[in-house]
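# all I have is the shape, not the residue letters:
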């Protein structure tokens, strides 16, 4: 039962839990698994959902030969597939070593062999095989600079491909002439498999990138050798390359499906659910101001007795880091939304990343209500100053608005829900 105001965080958290649940690889992977091949079968993969995907594979096929790389804390028990944990979002030596071993598994396969690739968001940082002249320290600095630049995920992953010997179709090319089926959990707007995890199983025939223009558009401070590599590296495997002719890429979970499940649940509980899109991008604080204005407009038009309205959206927001605080795009969205709503009675919201990690913090996101700003001021916090310092996680830790899930074992991007209650009289 929805309350008048200020008491609906459990409802919003329940919608988020539903969005995560329907993207669980243990629920969705089996329908996309072919019968196990009679010949040699190798399972490889990377991403925050990859270990759970491997667990789902072995639940159907039994023990398999293979290796997948996942984020620290995201391992799952497997009988045959080796699970290796590495750093995310900034890569480490464990990722370098695991990637080399993964690629070695694909070496020398024949046309009667079969490779099952398990790819999800996070693979961009977990698959680490830099091009010649670029070392791990360079990759770490490069990833950190990208994360602070405010660049959308499509730009970040396009640049990551330029510096990699495994992304942009190179992992699939290494398995040729074996057959490959890639099962992919999407965490990007539009579900483009060439962007998800920087597309290790997907070629790219897009026109040449204007690397110089991209580097000028976003504040990336990079060593000269990294800039040179970005400009001169061969880049992704062409989509029509014969080495990709035996690859099939299949999306098994996507943001739109999770939003639809949350909308169905909300409607069953008496809400009017409105989907704003699963592909929203932009600065978190800018999107927050837009959604606050929309929510206030909707509320002004509501009549006494009208059903609550729920605004649902997905996509991947960005933060251009200007301050020195601890935050992430979902928490920053909530903080900016609370400021824009200015305590409006009857409007509450939640924004979380479905992988359970918002930015680099072990926090999924945050929830706000009409009392959020008041609680902040009661503990001596200036909400606008905290936003200016990109300090949203610290802010919500102080006011009790954090959403902490731990590893969700999936990753279908951001989930935002804004609940609008009408007037009672």
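Good, I have the coordinates. Please read all numbers here as calculations on a predicted model, not as lab measurements.
# what residues are up against residue 91?
Contacts here follow C-beta atoms under 8 Å, 6 or more residues apart in numbering; on that basis residue 91 touches 125, 126, 128, 136, 139, 140, 143. All C-beta spots, glycine's among them, are computed from the backbone N, C-alpha and C.
# which of these has the most neighbours?
Among the contacts of residue 91, residue 126 has the most neighbours (other C-beta atoms under 10 Å), with 31 neighbours.
# that residue and residue 422, how far apart?
Distance from residue 126 to residue 422, counting by C-beta to C-beta, to the nearest Å: 46 Å.
# can you check residue 107 too?
Taking C-beta to C-beta, one finds residue 107 at 63 Å from residue 422.
# what of residue 221?
Separation of residue 221 from residue 422 (C-beta to C-beta): 49 Å.
# between those two, who's got more neighbours?
Between residue 221 and residue 422, counting by other C-beta under 10 Å, residue 422 is the more crowded of the two (17 against 9).
# hang on, the more buried one in a strand?
No - applying DSSP: H, G, I helix; E, B strand; the rest coil, one finds residue 422 to be coil, outside a strand.
# tell me, how many neighbours does the closest residue to it other than its chain neighbours end up with?
Spatial nearest neighbour of residue 422, chain neighbours left out: residue 302 (3.5 Å); criterion: C-beta to C-beta, 6 or more residues apart in numbering. Neighbour count for residue 302, taken as other C-beta under 10 Å: 17.
# go ahead and confirm residue 302 touches residue 420.
Yes - judged on C-beta atoms under 8 Å, residue 302 makes contact with residue 420 at a distance of 7.3 Å.
# can you check which residues contact both of the two?
residue 309.
# list the buried ones in the helix or strand of the chain with the lowest mean pLDDT?
Of all the helices and strands that make up the chain, helix 211-217 has the lowest average by mean pLDDT, DSSP states H and E, namely a mean of 81. Residues of helix 211-217 classed as buried by neighbour count (16 or more other C-beta atoms under 10 Å): 211, 214, 215.
# now for the helix or strand following that helix, which elements pack on it?
Beyond helix 211-217 in the direction of the C-terminus, DSSP states H and E gives the next helix or strand as helix 224-232. Secondary-structure packing of helix 224-232 (3 or more C-beta pairs under 8 Å, 6 or more residues apart in numbering; DSSP states H and E): helix 136-149, helix 153-162, helix 211-217.
# and those helices as a markdown table, adding distance to residue 363?
Supplementary listing: these in a markdown table, determined by distance: least, C-beta to C-beta, whole Å:
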| stretch | distance to residue 363 |
| --- | --- |
| helix 136-149 | 16 |
| helix 153-162 | 20 |
| helix 211-217 | 30 |
